[in-house]
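Undergrad: below is the structure, and that's it, no one-letter string:
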């Protein structure tokens, strides 16, 4: 059950471990007892070499997989023993995802893509949800592109649609996996500024997985993962824009 916590914590890891092939001769532990807190308004980067466990950790943070031991608290709720239905509901309500590849539905318009999380959770979107989706598209500079399909948008524009989609449920935690990896420098800078803006305006915690040292240095905090262990958690001066 959830234990005493700081009310400002969006995410807390307590002794989090993840093993694969449990009980077999090939059993291997990938994450070794991680402790971590992310508070509201945190803007952090997660860095580490290939094979360090970043993808495994991201899957756990996104409630796409369950830990082998320890606990993951999301908004104060212990999640390890949740059933699939409860985990899916909490993920849909509290977490937004932005990936390196935008994963937009090609047959849908930009507006329909943004509304996808709402439609998955509630079916037909309400007029208020549609209005909110339009506001988000305007906020990412795509007010004139609501009826365009992904094939009619540039790579940077498609990624901005994906950001609006991730924010349409007003999540407490935004997880971004190499979100600027396929973008040119100007588009990447624009995407980063959008993350900053929404972190400020909506108070959602942001965790960006990146290999780009410039991007991580521009965050307020850099969490370093090596060989399945957190080896560094560095604070940087806040850069309000």
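TA: All right, it came through fine. Since we're looking at a predicted model, the values are computed, not measured.
Undergrad: so which residues of the chain form strands?
TA: Along the chain, counting by DSSP state E, strands occupy 9-20, 28-39, 43-47, 69-74, 77-78, 95-99, 173-177, 205-209, 221-226, 229-235.
Undergrad: nearest to residue 149, of those?
TA: strand 95-99 (19.0 Å; Cβ to Cβ). Quick note: C-beta positions are derived from backbone N, CA and C, even for glycine.
Undergrad: for that closest one, give the mean pLDDT please.
TA: Averaged over strand 95-99, pLDDT sits at 87.
Undergrad: tell me the strands beside that strand, with direction?
TA: strand 173-177 (parallel) (DSSP bridges).
Undergrad: quick one: low-confidence ranges for the protein?
TA: 1-7, 238-241 (pLDDT under 70).
Undergrad: repeat that for 50
TA: Within the chain, the segments meeting pLDDT under 50 span 1-6, 240-241.
Undergrad: surely residue 22 meets residue 67?
TA: No: look at residue 22 against residue 67 with Cβ atoms under 8 Å: they stay out of range, at 11.6 Å.
Undergrad: and those two? Which one has more around it.
TA: residue 67 (21 against 11; other Cβ atoms under 10 Å).
Undergrad: now for the more buried one: which residues touch it?
TA: Listed by Cβ atoms under 8 Å, 6 or more residues apart in numbering, the contact set of residue 67 reads 16-18, 31, 60, 80.
Undergrad: pull the most distant pair out of these.
TA: Spatial extent of the contacts of residue 67 (Cβ to Cβ) is set by the pair 31 and 80 at 13.2 Å.
Undergrad: looking at these two, which is more packed in?
TA: Using other Cβ under 10 Å, the more surrounded residue of residue 31 and residue 80 is residue 31, with 24 against 16.
Undergrad: residues contacting the nearest residue to the more buried one once chain neighbours are set aside?
TA: Nearest-residue entry for residue 31: residue 18, 4.2 Å, with adjacent residues in sequence omitted and distances by Cβ to Cβ, 6 or more residues apart in numbering. In this structure, residue 18 makes contact with 29-31, 53, 56-57, 60, 65, 67-68, judged by Cβ under 8 Å, 6+ apart.
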